[in-house]
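> take a look and give me a structure for this.
(4 chains)
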Protein chains: 4
Amino acid sequence: MANSKFEYVKDFEQPDILLPNTWIVVRIDGRGFHKLSDHYAFVKPNDRRALDLMNAAAVEVMKELPDLCIAYGISDEFSFVFHPTCQLFERRNGKLVTTIVSTFTAHYIYLWSIYFPNKPLQPPYLPSFDGRAVIYPSTRILRDYMSWRQVDCHINNLYNTTFWTMVQQGGMSNTDAEQELKGTVSADKNEILFKRFGINYNNEEEIYKKGSVLYRQYKLQEPKSAQASMEDDTSAPEEKQSRSQQDKLKKLRRKAQVVVDHIDIIRDDFWERRPWILSNKPGTLPVEN
Amino acid sequence: MANSKFEYVKDFEQPDILLPNTWIVVRIDGRGFHKLSDHYAFVKPNDRRALDLMNAAAVEVMKELPDLCIAYGISDEFSFVFHPTCQLFERRNGKLVTTIVSTFTAHYIYLWSIYFPNKPLQPPYLPSFDGRAVIYPSTRILRDYMSWRQVDCHINNLYNTTFWTMVQQGGMSNTDAEQELKGTVSADKNEILFKRFGINYNNEEEIYKKGSVLYRQYKLQEPKSAQASMEDDTSAPEEKQSRSQQDKLKKLRRKAQVVVDHIDIIRDDFWERRPWILSNKPGTLPVEN
Amino acid sequence: MANSKFEYVKDFEQPDILLPNTWIVVRIDGRGFHKLSDHYAFVKPNDRRALDLMNAAAVEVMKELPDLCIAYGISDEFSFVFHPTCQLFERRNGKLVTTIVSTFTAHYIYLWSIYFPNKPLQPPYLPSFDGRAVIYPSTRILRDYMSWRQVDCHINNLYNTTFWTMVQQGGMSNTDAEQELKGTVSADKNEILFKRFGINYNNEEEIYKKGSVLYRQYKLQEPKSAQASMEDDTSAPEEKQSRSQQDKLKKLRRKAQVVVDHIDIIRDDFWERRPWILSNKPGTLPVEN
Amino acid sequence: MANSKFEYVKDFEQPDILLPNTWIVVRIDGRGFHKLSDHYAFVKPNDRRALDLMNAAAVEVMKELPDLCIAYGISDEFSFVFHPTCQLFERRNGKLVTTIVSTFTAHYIYLWSIYFPNKPLQPPYLPSFDGRAVIYPSTRILRDYMSWRQVDCHINNLYNTTFWTMVQQGGMSNTDAEQELKGTVSADKNEILFKRFGINYNNEEEIYKKGSVLYRQYKLQEPKSAQASMEDDTSAPEEKQSRSQQDKLKKLRRKAQVVVDHIDIIRDDFWERRPWILSNKPGTLPVEN
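So this is what the prediction gives:
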């Protein structure tokens, strides 16, 4: 029995190849996590277990997809970055995004009980994530994207820390706290924390202030000139890698450990000392320490 | 601290709204399920627990997304269908696909231990799924898509049933069985099954022969003329529903039970007796039986 | 000398195939025609020569591209319609649109001196057009598109006729006329024309009131039921035509005369009497009259 | 009379904004120019009048669209390049391409009689062009695109010059000449030209060997390091220009003369001496000479 009579329906599938030689960022976001975090009583403003679970799932994604250079997470979102030379799934948008979303979800659900041993998952309150891919034509813009997320982390965390301190320690109602914070700038919030509650925001945990940066660990390099790290790797597309070269690189990358860091990624220093992230050329594996 | 300096990176996000008034099919596929089914020792040619788990996860997706009209699953794939009038997530491709992929994955992982109580999940062998959306401009073509999948189910199942019977009962090597089946037509395979093994393929279980059809259950209607079910519901787009109408319909749909059926969806009868599937107008709830 | 070193740049070309089995409308618009019509002193509110020139250029486009079923023009815009079964240029968006835009422009410039013998073209005031393709999934929506343009023609023409009569015959300033017309409905404008100037809008020329409809002429058919003309030709995609069938149809279409009509295309009558337009099956050539 | 009932058809228009901060190349090609050049008896292998006409039309396009940085033409094709910072028509693909195609066509038809005074245009043999836009994420790739076209120019011209010399001066049939050239490399063709016909290919006219480069003329700069010209201008997207800055730049660009050059654009020298092309910052207007 041939299937040819109906096979014409395949003609309706449309290609979705992402432009070559551009950075691919896949950002995933928790669906309805506001409601979810209420249901499972996440600690406010930051639930360390929930963040650790996000990071653990993201580490697994990094390990399964060695093409990923770096990932950055805050709250219930995570950004995964593919290098401009990436050829995974022929750079098909849908395939890249759904693979990441599904792999992340699978590990998140699977690992839940480790991080929340006393709060078993209860359908229909199952966590899930949506996602999208965005491409960036230059390293400068990719770094601006990363900076954008980290600045957002800072803005949100300072607000949330202040808000929840006013509510939890100051005994204010949500509405009153919200009202008072309206129109305030960073300095105002720092002052509220310090003067009223004796809290120095700078002493808050790095994971809350900086978010989580995931990358493969090699030997750190001496800081170089900013220029170096910004030199555009997209500018030599002729060095298109053969399949066997790609496979060899993948193997090398699998050997490196994926680390979770809480560190400034806006300034050049982070990138200069870890040139393999933007160059996509594996560094030297560190001596076990 | 304003984030405006970096916010320009948002301009690189590109819209992906699906053409209005078209059927949307989101098909998801298991990633690397060949390897996975070996690892967890799925029964060949069909593992009933694995299919039941697929169906259970798909039922949950149907329940979470009342906009879905129908779903159809075979093996490790599932097709979910949104009506041409669907406005969910403003019909954004990425949002629709990732939501379904993630929700399905979450339930699949969560429910695994129910269907495979003796085979706990073992990372890195975590099941995951990729997916894609395809749009179809008319009801005729949507039905041809559904037929395409069901014909595929039949072709694959007849082949697999014959192949594995030759191997498991006939003691042939995989290579020999494959070799002998090369170039055979349906009749040949039926004959092999019957003459050599006394198996009448028609008596195989419906779930294997027909796949699984999921839809909301209302009172069946008397069969009508074929024309009726094929009349193109996309032809009256002016009846665009208001938000409140949509919400009302969603509530009605949530009340209906999602059933799992194993039935012919190529002929008209299935569609004529369940006109609510193509019309997207909820039918009459059946009296409890 | 091989060109392979640079040929990778071709990989950046992205496909733009339009969804199969949908109506394709290519609408072109005059660029900066407001300024242009001032420069060449087009008659207000309608310059018959300019409209005739638009129609003449559009007739040539229809003759060069027998895949076109129908075209509709008002003012400095023209909509060209390809049938859902059209395979021209593999339905590539850019190719279809630029071919129409360029062919139209070429004929418009070439024919200019016939319609404006006393107004030679003067660079930089050369007419040009931009264009875009839109796809529609059903015949009902395609007809609504055509209706939308014809209603727009009516609305604009009634306004312009009233406005310019008030200015030209009533001696009002542009600003005063505009001011008085603000917020008026059709009946108000009809009354202004009739009461103040003795003009019965119904007696205005059809080309101004109805726009211009271009199609291939065959023997008209007896009016049928509305249903007939609305039956969705997109619903039988399996009848995909072979290349030789397509070529044969093209030849037949080339034999038919392209006519310019000024007629209601909102009601069913127009379409029922010319079933070849929506069916894409050439009719009977009329006896020479 | 409101038009709202049908206006929903506008929802089917889909956005086609080109990715920000990428080079946009619009390449147009003559439609059916093989047949056309026969009909109007273009001189083989190169018709100087036809090339001059192409260049004249392209100059007009450059003048009408000051956003264009550079254009490059060979035979019946022309590539027009917009800078990554270009915001014209909000970077809408269709609008950019059709505007260029139509403007070019208009001037080509209008100017025809100047370049072919004895060969009036004869419908249906009216020249027309199709076109497409491609985006390139870095200056390196844009330059590789330009090199690709110029290498193509060289390959084609060497072949055509040899072929037509063999036919016109050598009295060979087209088939014989084609046969003999099959599999030859550049050196072979140079030798045929020189040994048999005493023709030194290097002495052929530059316009045939190099194609035509169009750009705005400012004072040439001293050659700099290659690095300079390759530094990626896309890397500073934060310098997004205000509307008024853009308008000012447009005015400045309009003042510069558009020149037609026949020169190597593969090596760095061309770009280093004309830094305004890649930087998009107008240079110093040359003293009138």
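> quick one: pLDDT of the closest residue to chain D within the stretch 1-150 of chain A?
Nearest residue of the stretch 1-150 of chain A to chain D, counting by Cβ to the nearest Cβ: residue A:137, 3.6 Å away. In short, each C-beta sits where N, CA and C put it, glycine included. Listed pLDDT for residue A:137 reads 98.
> look up phi and psi at residue A:281.
Backbone torsions of residue A:281, given as degrees, to the nearest 10, read phi -110, psi 120.
> no wait, residue A:134
phi -130, psi 140.
> is the spatially closest residue to residue A:51 that is not a sequence neighbour within a helix or a strand, and which one?
Nearest non-adjacent residue to residue A:51, counting by Cβ to Cβ, 6 or more residues apart in numbering or on different chains: residue A:207, 6.2 Å away. Using DSSP states H and E, residue A:207 sits within helix A:206-210.
> convert the C-alpha atoms of that helix to PDB, please.
The C-alpha trace of helix A:206-210 is given here as PDB (Å, rounded to 0.1, in the frame of the first residue of the first chain):
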ATOM      1  CA  GLU A 206      26.200  36.400  44.000                       C
ATOM      2  CA  ILE A 207      23.800  33.900  42.400                       C
ATOM      3  CA  TYR A 208      20.900  36.300  43.100                       C
ATOM      4  CA  LYS A 209      22.800  39.500  42.000                       C
ATOM      5  CA  LYS A 210      24.600  38.100  39.000                       C
END
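> output the contacting helices and strands for that helix.
With contacts defined as 3 or more Cβ pairs under 8 Å, 6 or more residues apart in numbering or on different chains; DSSP states H and E, helix A:206-210 has these neighbours: helix A:139-168.
> in the helix holding residue A:207, what counts as buried?
Along helix A:206-210, these residues count as buried under the neighbour rule (16 or more other Cβ atoms under 10 Å in any protein chain shown): A:207-210.
> before we move on, what about stretch A:79-97?
For stretch A:79-97, by 16+ other Cβ under 10 Å, it's A:79-86, A:88-89, A:91-97.
> that one close to chain C?
No - under the criterion of Cβ under 8 Å from any Cβ of the partner chain, stretch A:79-97 makes no contact with chain C; the nearest approach is 10.1 Å.
> quick one: is that stretch near chain B?
Yes - interface with chain B: stretch A:79-97 contributes A:93-95, A:97 (Cβ under 8 Å from any Cβ).
> could you point out which element follows the lowest-mean-pLDDT helix or strand in chain A?
When the helices and strands of chain A are scored by mean pLDDT, DSSP states H and E, helix A:226-230 comes last with a mean of 49. Downstream of helix A:226-230, the next assigned helix or strand under DSSP H and E is helix A:243-255.
> contacts for that following helix, please.
A:63, A:66-67, A:87, A:216, A:241, A:280-282, A:285 (Cβ atoms under 8 Å, 6 or more residues apart in numbering or on different chains).
> how far does it sit from the chain's center?
23 Å (Cα atoms, centre = their mean, to the nearest Å).
> chain center to the helix or strand following it, what's the gap?
Downstream of helix A:243-255, the first helix or strand assigned by DSSP H and E is strand A:257-261. Offset of strand A:257-261 from its chain centre (Cα atoms, centre = their mean): 12 Å.
> helices or strands next to the helix or strand following strand A:257-261 in the packing?
Next helix or strand after strand A:257-261 toward the C-terminus (DSSP H and E): helix A:268-273. Here helix A:268-273 touches helix A:226-230, going by 3+ Cβ pairs under 8 Å, 6+ apart.
> got a list of what the residue of the stretch 1-150 of chain A closest to chain D touches?
So residue A:137 contacts A:19, A:21-23, A:234, D:19-22, D:84, D:137-138, D:234 (Cβ under 8 Å, 6+ apart).
> what residue ranges in chain A score low on pLDDT?
A:1-3, A:224-240, A:287-289 (pLDDT under 70).
> how far away is residue A:256 from residue A:215?
9 Å (Cβ to Cβ, to the nearest Å).
> so those two - more neighbours on which side?
residue A:215 (23 against 20; other Cβ atoms under 10 Å in any protein chain shown).
> mind checking what secondary structure the closest residue to that one other than its chain neighbours has?
Excluding the flanking residues, the one nearest residue A:215 by Cβ to Cβ, 6+ apart is residue A:70, at 4.7 Å. Following DSSP: H, G, I helix; E, B strand; the rest coil, the label given to residue A:70 is strand.
> residue A:70 bridge partners, please.
Beta-bridge partners recorded for residue A:70 (DSSP bridges): residue A:81, residue A:215.
> surely it is in contact with residue A:212?
No - between residue A:70 and residue A:212 there is no contact under Cβ atoms under 8 Å: 11.1 Å.
> count of residues packed around residue A:16?
By other Cβ under 10 Å, neighbour count at residue A:16 equals 20.
> circling back: give me the buried subset of the contacts of helix A:243-255.
For the contacts of helix A:243-255, buried by 16+ other Cβ under 10 Å: A:63, A:66-67, A:216, A:280, A:282.
> rewinding a little: number of residues surrounding the residue nearest to residue A:215?
Here the number of neighbours of residue A:70 (other Cβ under 10 Å) works out to 24.
> that one and residue C:273: what is the separation?
66 Å.
> burial check on the residue nearest to residue A:125 when sequence neighbours are not counted, number of neighbours?
Ranked by Cβ to Cβ, 6+ apart and with sequence neighbours excluded, the top spatial neighbour of residue A:125 is residue A:39, at 4.8 Å. Residues contacting residue A:39 under the criterion other Cβ under 10 Å number 13.
> what of the one 3 residues further on?
Summarising burial for residue A:42: neighbours were counted as other Cβ under 10 Å, giving 20.
> same check, this time on the one 3 residues further on
The local packing count at residue A:45 equals 20, with neighbours defined by other Cβ under 10 Å.
> and it, what are its phi and psi?
phi -80, psi -20.
> over to residue A:74?
The phi/psi pair for residue A:74 (degrees, to the nearest 10) is phi -140, psi 150.
> straight-line length of stretch A:20-37, end to end?
39 Å (Cα to Cα, to the nearest Å).
> any residue of it up close to chain D?
Yes - using Cβ under 8 Å from any Cβ, stretch A:20-37 comes into contact with chain D via A:20-22.
> what residue is smack in the middle of chain A?
Nearest to the mean C-alpha position of chain A, counting by Cα atoms, centre = their mean, stands residue A:72 at 2.6 Å.
> for that residue, what are its contacts?
A:78-79, A:81, A:146, A:149-150, A:211-214, A:265.
> much appreciated, bye for now.
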